[in-house]
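> I'd like to go over a predicted model; first the sequence, then the structure.
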There are 2 protein chains.
Amino acid sequence: MSTTWQDEIAAETRAGRRISDRFIVDKVRAAVLTQRLPPGTRLPEVALGEIFGVSRSVVRKALTRLAADHVVSQQPNQVARVRAPSIEETRETFAARRLVEGEVAALLAGGSTPTLLEEIALLVEREAEAHARGDEPARIEHSLAIHHLLAEHSPNRVLGAMLTDLILRTSIVIALYKRAGLASCYLAEDHPALLAHLRSGDAEAARRSIHEHLQALEGLLDLSIRETRIDLMAILGQGEGARMSLSRG
Amino acid sequence: MSTTWQDEIAAETRAGRRISDRFIVDKVRAAVLTQRLPPGTRLPEVALGEIFGVSRSVVRKALTRLAADHVVSQQPNQVARVRAPSIEETRETFAARRLVEGEVAALLAGGSTPTLLEEIALLVEREAEAHARGDEPARIEHSLAIHHLLAEHSPNRVLGAMLTDLILRTSIVIALYKRAGLASCYLAEDHPALLAHLRSGDAEAARRSIHEHLQALEGLLDLSIRETRIDLMAILGQGEGARMSLSRG
DNA sequence: AGCCAACCTTATGTATACAAAAATTCAGGT
DNA sequence: ACCTGAATTTTTGTATACATAAGGTTGGCT
């Protein structure tokens, strides 16, 4: 994974651009989303600075922004760590997203442009194809793109920004709590149904389909009471593996 | 106003505490809320640093956090300025808050503790008293306290945090767009009605009373189309007054 | 052997110096 | 008189040095 970062950093510097805090935010967020940086991983400022070839100033700004996005936790005089949302917070995040994304979908059911509907239709198709050929990373990417499209085109931009945040947070906890044996969180009917309701302009049906979709998604997670699993992971599991790959750079 | 800050800074240092970024965030946010720092005001890092007696490092962190809270706008290589939300954003913020606070109130209608209900009842009473004696600052404080209480006690803490943010943002635009001749935004019936519905446990009635309350509040604002008012203010009105009081420190 | 304390390592908090980019000012020309 | 453009000033971006606090480790003591 460090090599991936190394490559992207090299590409960025070759392009004449300096590494910005934004770049670091994006890379760390992507790594957290794909669990290359598991919850609890320590993110010391100097180590990150060496990896990205910048000083602590830039890293600190990036970490502050990641903390505002709920990706890392930052406590005074302590190392920043990849956040491990609790089961309770996971449930609450899903509930918040149901509320917000449901409203956005309802707003969009009235006034979405044909262009938007076509873009969504394309992504829905691609997601199905990716699933059919067993390409789970591509499927996740297209699925996320659909929801991000809703957020970006929300008539209410304040709600849209909130939704962007919630999509990120739910993605993190989905990666975290996905039931062990489950190959994919694909729900074949849900996105086509949503699209149909957006097309027909039925706001309440669109809202309902979002609610059901997210409810089903949450149901695919392993949110059993034994929260110890995560605590142990945060305390013990962050050990040598993740730490080394960071300090190796 | 600088003298107020000076006093608070002196009190903080006397107490042995160093001025933290948190302190600066709180003070700037309060000043924006009370319009002592009008929209468009420039907030240069060195000037703020001199006022608070800290270096740019601390100020920068504070400004980054204020930007995350939508209080100031920060663009690369430009001075941070107090944000002036547009009329459109104001409407969208109110809509978002109606959605979120309505849900929180509905959740709270079922399961709020007697303690919480008593606290709210006390604040409702105090707000009415403050209004009766014409003490508008105190009235605003108690009114805000009621809504913050809902946010803090939200069974869904994710929604609660989102509501805290939205309360701040709506407070800013209320101060910004309050109709000129209006002495107060007090709506005598609304808070008591909300309290009654929280007590009775009727979730949908509680949600509805929040919706109506916020709709009425938005109706008290001057959101006419001529947005030029704000643009002019941001460009011209930020002149000597605010700038000087900052540089005078 | 177990526990405690002092030390040392590590990492963050803060200030400051220098570089680069904007904004402003002022002079020159049309 | 107005517009243009270079020089100056202001302000931010980044790196680095020093101070401080947290965490772990080793030594000594009971």
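Done, it's in. Residues are numbered from 1 along each chain as shown, chains lettered A, B, ... in the order given.
> drop to CA atoms for contacts and neighbour counts, all remaining ones
Will do.
> A:Ser200 against A:Ala109, yeah?
Yes. Counting by CA atoms under 8 Å, A:Ser200 does reach A:Ala109; the two are 7.4 Å apart.
> So which of the two has more stuff around it?
A:Ala109 (24 against 13; other CA atoms under 10 Å in any protein chain shown).
> ok but that one is inside a helix, no?
Yes. When DSSP: H, G, I helix; E, B strand; the rest coil is applied, A:Ala109 is found to be in a helix.
> Now do the same for the most centrally placed residue in chain A: helix, strand or coil?
Nearest residue to the geometric centre of chain A (CA atoms, centre = their mean): A:Leu168, 3.2 Å. Here A:Leu168 is recorded as helix under three-state DSSP.
> For it, report the pLDDT, please.
For A:Leu168, the pLDDT comes out at 95.
> low-confidence ranges in chain A?
A:1-3, A:226-249 (pLDDT under 70).
> Could you chop it up by domain?
A:2-84+A:227-248, A:87-219 (automatic domain parsing).
> what's the closest of these to DNA strand C?
Minimum separation from DNA strand C across the domains of chain A (CA to the nearest atom of the strand) falls at domain A:2-84+A:227-248, 3.4 Å.
> does the closest one come close to DNA strand D?
Yes. Domain A:2-84+A:227-248 is in contact with DNA strand D by CA under 7 Å from any atom of the strand, via A:18-21, A:53-58, A:77-78.
> Go through the residues you listed and name the one nearest B:Glu141.
A:Asn77 (33.5 Å; CA to CA).
> neighbours around the residue nearest to A:Ser20 when sequence neighbours are not counted, how many?
Spatial nearest neighbour of A:Ser20, chain neighbours left out: A:Val58 (7.0 Å); criterion: CA to CA, 6 or more residues apart in numbering or on different chains. By the measure other CA under 10 Å, the count of residues near A:Val58 is 19.
> got a list of what A:Val58 touches?
Going by CA atoms under 8 Å, 6 or more residues apart in numbering or on different chains, A:Val58 touches A:20-21, A:49.
> Please apply the same query to A:Glu125.
By CA under 8 Å, 6+ apart, the contact list for A:Glu125 is empty.
> again, but for the one 5 residues further on
With contact taken as CA under 8 Å, 6+ apart, A:Ala130 is in contact with A:136, A:138-139.
> Buried members of those into ChimeraX, please.
Selection of the buried residues among the contacts of A:Ala130 in ChimeraX, burial being defined by 16 or more other CA atoms under 10 Å in any protein chain shown:
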select /A:136,139
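> Out of the contacts of A:Ala130, list just those in helices.
A:136, A:138-139 (DSSP state H).
> got TSV for the contacts of A:Ala130, with distance to DNA strand C too?
Output for these, formatted as TSV (distance: CA to the nearest atom of the strand, whole Å):
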residue	distance to DNA strand C
A:Glu136	34
A:Ala138	33
A:Arg139	35
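> Tabulate the contacts of A:Ala130 (a markdown table), appending distance to chain B.
Converted to a markdown table, those look like this (distance: CA to the nearest CA, whole Å):
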| residue | distance to chain B |
| --- | --- |
| A:Glu136 | 29 |
| A:Ala138 | 29 |
| A:Arg139 | 28 |
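> ok, so of the contacts of A:Ala130, who is nearest B:Leu144?
Closest to B:Leu144, out of all of those and judged by CA to CA, is A:Arg139, at 45.1 Å.
> any idea how far B:Leu182 is from that closest one?
For A:Arg139, the distance to B:Leu182 equals 55 Å [CA to CA, to the nearest Å].
> same question, A:Leu198
Relative to B:Leu182, and taking CA to CA, A:Leu198 is found at 42 Å.
> more crowded one of these two?
Ranked by neighbour count (other CA under 10 Å), A:Leu198 and B:Leu182 place A:Leu198 first, with 25 against 10.
> Wondering if whichever strand or helix holds A:Ala47 reaches chain B at all.
Taking DSSP states H and E as the definition, A:Ala47 sits inside helix A:45-52. No. Judged by CA under 8 Å from any CA of the partner chain, helix A:45-52 makes no contact with chain B; its nearest approach is 15.1 Å.
> Quick check: buried residues in that helix?
A:45-52.
> now do stretch A:169-176
Under 16+ other CA under 10 Å, the buried positions of stretch A:169-176 are A:169-170, A:172-176.
> Relative to the whole chain's centre, how far out is stretch A:17-27?
18 Å (CA atoms, centre = their mean, to the nearest Å).
> Is it positioned near DNA strand C?
No. For stretch A:17-27, no contact with DNA strand C is found by CA under 7 Å from any atom of the strand; the gap never falls below 9.8 Å.
> Endpoint to endpoint, stretch A:36-56 covers what distance?
End-to-end distance for stretch A:36-56: 22 Å, by CA to CA.
> same question, stretch A:179-192
End-to-end span of stretch A:179-192 (CA to CA): 24 Å.
> residues making contact with that stretch?
Outside stretch A:179-192, the residues that touch it by CA under 8 Å, 6+ apart are A:121, A:124, A:128, A:131, A:136, A:209, A:213, A:217, A:220-222.
> could I get the residues you listed as a markdown table with secondary structure and distance to DNA strand D?
Converted to a markdown table, the contacts of stretch A:179-192 look like this (DSSP: H, G, I helix; E, B strand; the rest coil; distance: CA to the nearest atom of the strand, whole Å):
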| residue | secondary structure | distance to DNA strand D |
| --- | --- | --- |
| A:Ala121 | helix | 39 |
| A:Val124 | helix | 38 |
| A:Ala128 | helix | 41 |
| A:His131 | helix | 40 |
| A:Glu136 | helix | 36 |
| A:Ser209 | helix | 42 |
| A:His213 | helix | 40 |
| A:Leu217 | helix | 36 |
| A:Leu220 | coil | 35 |
| A:Leu221 | strand | 31 |
| A:Asp222 | coil | 29 |
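> Tell me the one among these nearest to A:Arg98.
Nearest to A:Arg98, judged by CA to CA, of those is A:His213 at 8.9 Å.
> show me what contacts that closest one?
Counted by CA under 8 Å, 6+ apart, A:His213 has contacts A:187, A:190.
> can you rerun that using 6 Å?
A:Asp190 (CA atoms under 6 Å, 6 or more residues apart in numbering or on different chains).
> Which positions in chain A make contact with chain B?
Contacts of chain A with chain B, taken as CA under 6 Å from any CA of the partner chain, map to A:92, A:96, A:156, A:158-159.
> Can you pull the residues of chain A lying near DNA strand C?
A:43-46, A:57, A:75-80.
> hmm, back to that, what is the nearest of the buried residues of stretch A:169-176 to B:Thr13?
Nearest member of those to B:Thr13, counting by CA to CA, is A:Arg169, at 38.7 Å.
> Quick one: residues contacting the closest one.
Counted by CA under 6 Å, 6+ apart, A:Arg169 has zero contacts.
> what about the strands in chain A?
A:42-43, A:72-73, A:80-82 (DSSP state E).
> Can you lay out these as JSON lines showing mean neighbour count?
Listed next are those as JSON lines, based on neighbours: other CA atoms under 10 Å in any protein chain shown:
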{"stretch": "strand A:42-43", "mean neighbour count": "23"}
{"stretch": "strand A:72-73", "mean neighbour count": "24"}
{"stretch": "strand A:80-82", "mean neighbour count": "23"}
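> Of the ones you listed, which is nearest A:His148?
Going by CA to CA, the one of these nearest A:His148 is strand A:72-73, 21.3 Å.
> so who does A:Ala206 touch?
A:Ala206 sits in contact with A:105-106, A:194, A:197, where contact means CA under 6 Å, 6+ apart.
> For it, which non-adjacent residue is spatially closest?
Nearest one to A:Ala206, counting by CA to CA, 6+ apart, is A:His197 at 5.1 Å.
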